[in-house]
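[1] sharing a sequence plus its predicted fold:
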Amino acid sequence: MSHPFIMNCCGGQKFVALPFLGYTRMEETLILLAVMGLLFLIPFGVLKLASTPKEKLTIGTFITLVIAVVFQVVYNSDYVTFALSSIDASVADTGSLRTGYEFYRNSLPDSESRGQLDVYTREWRRKPHVSVGVLTPEEANDLAESILSERERFYHVDHLAFPLPFFTHGPYWGYHTFDGTANKDVSKARPSDARKLSTTYTTYVDALNRDRDFMMDKYSMLYERVRTALSEALGGGEIKHLEGVGLPGFHIIPSHIAWSLQVFRFHTDEAYEMFLNSAEEGKRANFDHEANNCDPTSRISFTLPIRMPDETSGLNYIDFGEGTGESLDGGLKAQRYYEETCSKRYPYRCYIQRREMYEVGNLVVHAGKLVHSIGHWNYTSYDTERITMQGFGFRCRGPKNDKDTWFIYW
């Protein structure tokens with residue numbers, strides 16, 4: 001599918017392909033062009049006020065020096081460092097590190113909790129598990145084109161990405177509010193915003209009513225294959241879609257210069273109890289996880305790579321185990337972060353960042369408490385994108401303690 005210079009998506013929103021940057025929302029693009037125009041025209045307007053060649057030369061030299069000094073100061077000072085550090089996510093927050101470390105520690109041979117956590121081996125807690133054979137490269141490419149043909153149905157994740165191109169196809173509960181009255185942007189939206197499809201202006205309930213049946217119908221064969229692959233990866237058992245909530249959906253992230261920085265934050269995925277409580281409050285799901293004998297420690301996340309912008313794309317994750325391996329930059333011996341404070345008192349500060357390289361069509365499953373993030377990639381052109389299917393799941397044994405059933409959702 002072609003990548004137009006002006007892309008229409010998300011209920012009529014427009015994104016412009018800016019040279020050397022990538023797709024950017026139309027409103028911010030116009031503001032940027034206006035500012036650049038003013039910066040270009042003001043010096044010429046000042047020069048026209050000069051009456052003699054000498055005055056023009058003096059003013060022109062002064063303007064040139066000011067621009068050069070400002071550029072040099074901004075480029076080489078802490079301003080840029082501060083701006084980048086404000087969005088840099090190369091180091092996980094303490095809460096995520098503690099959660100991830102406790103989860104890893106409970107898998108060690110001498111852990112008292114290990115018997116309760118039999119869903120995963122130790123390696124599952126240290127790294128993602130890869131299940132192959134969901135899609136061939138040709139099937140993945142056809143699926144990517146089919147997804148891109150639905151751009152008007154995408155949701156812009158504007159509460160996180162602002163003007164940058166980060167979309168979902170199908171709602172993810174963590175991005176939308178359940179109740180529009182709880183979101184001032186939804187409840188006070190202007191009439192002109194009524195058609196906008198974004199995480200700011202569209203509630204989860206509205207998105208479900210709009211998309212769930214459509215997604216099930218359009219991608220039914222894909223869902224069947226993913227359920228089969230998950231059953232194999234999880235050691236058997238039935239895989240079911242959790243009723244009344246979102247189906248596994250898609251991230252669509254067109255390449256942008258911003259995504260070449262490590263702006264995607266390290267995190268652990270939310271506990272499924274949090275989701276169920278929110279869903280019940282939103283009157284979407286009435287699921288008794290205690291009666292169904294569900295295992296809180298079994299929370300999984302899964303990703304199906306459908307199209308990747310380059311061969312280095314993948315999942316960044318944190319390994320609290322021993323040993324060495326490739327760093328995020330590849331090919332180098334991995335280094336421990338927080339080495340100066342890595343100690344018995346702060347064991348969660350002793351870790352290595354690694355990357356699981358994605359292969360198109362191969363399902364990747366990992367524990368929900370694995371500390372992870374979307375892997376950044378080098379920007380080459382606006383007409384490449386990263387497309388993945390995303391979903392979560394948890395295990396239950398049912399009221400009669402029969403065979404395992406995994407419920408999946410997004």
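    Thanks, I have the structure now.

[2] longest single strand anywhere in the protein?
    Secondary structure of the chain per DSSP state E: the longest strand is strand 385-396.

[3] following it, which helix or strand comes up?
    Where DSSP states H and E defines the elements, the next helix or strand beyond strand 385-396 is strand 405-409.

[4] and the contacts of that next one?
    Contact with strand 405-409 is made by 173, 227, 230-231, 234, 237-242, 245-248, 275, 287, 292, 300, 302, 391-398, as judged by CB atoms under 8 Å, 6 or more residues apart in numbering. Quick note: C-beta positions are derived from backbone N, CA and C, even for glycine.

[5] what about 6 Å?
    Where contact means CB atoms under 6 Å, 6 or more residues apart in numbering, the residues beyond strand 405-409 that reach it are 237-240, 242, 245-246, 391-396.

[6] CA atoms only for it, dumped as PDB, please.
    C-alpha atoms of strand 405-409 as PDB (Å, rounded to 0.1, in the frame of the first residue of the first chain):
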ATOM      1  CA  THR A 405      -8.200 -22.400  30.300                       C
ATOM      2  CA  TRP A 406      -6.400 -19.200  29.300                       C
ATOM      3  CA  PHE A 407      -8.500 -16.100  28.800                       C
ATOM      4  CA  ILE A 408      -7.000 -13.500  26.400                       C
ATOM      5  CA  TYR A 409      -7.900  -9.900  25.800                       C
END
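
[7] sheet partners, orientation included, of that strand?
    strand 238-241 (parallel), strand 385-396 (antiparallel) (DSSP bridges).

[8] looking at this protein, which helix or strand is least sure?
    Ranking every helix and strand in the chain by mean pLDDT, DSSP states H and E puts helix 78-87 at the bottom, with a mean of 38.

[9] ok, how many other residues are close to residue 145?
    A count of nearby residues for residue 145, using other CB atoms under 10 Å, gives 12.

[10] so it: helix, strand or coil?
    helix (DSSP: H, G, I helix; E, B strand; the rest coil).

[11] picking up where we left off before, out of the strands paired with strand 405-409, deepest packed?
    strand 385-396 (a mean of 23; mean count of other CB atoms under 10 Å).

[12] quick check: mean pLDDT of that strand?
    Averaging pLDDT along strand 385-396 yields 94.

[13] cool, stretch 255-262 as well?
    92.

[14] if you count neighbours, what's buried in that stretch?
    255-256, 258-259, 262 (16 or more other CB atoms under 10 Å).

[15] stretch 146-162 now?
    147-148, 150-151, 153-158, 161.

[16] quick one: low-confidence residue ranges for the stretch 51-200 of the chain.
    51, 54-92, 107-125, 178-194 (pLDDT under 70).

[17] try it again at 90.
    Residues of the stretch 51-200 of the chain meeting the criterion pLDDT under 90: 51-133, 173-174, 176-196, 200.

[18] try the stretch 301-410 of the chain
    312, 318-354, 367-371, 394-404.

[19] which stretches of it form strands?
    314-319, 336-337, 351-357, 363-367, 372-374, 385-396, 405-409 (DSSP state E, counting those that start in this stretch).

[20] CA atoms only for the third one, dumped as CSV, please.
    Output for strand 351-357, consisting of C-alpha atoms alone and laid out as CSV, is shown next (Å, rounded to 0.1, in the frame of the first residue of the first chain):
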residue,chain,number,x,y,z
TYR,A,351,20.5,-5.9,35.7
ILE,A,352,21.4,-6.1,32.0
GLN,A,353,19.4,-4.6,29.2
ARG,A,354,18.9,-7.0,26.3
ARG,A,355,16.9,-7.2,23.1
GLU,A,356,14.8,-10.0,21.7
MET,A,357,15.0,-9.5,17.9
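
[21] so residue 102, which of the three states?
    Once three-state DSSP is applied, residue 102 turns out helix.
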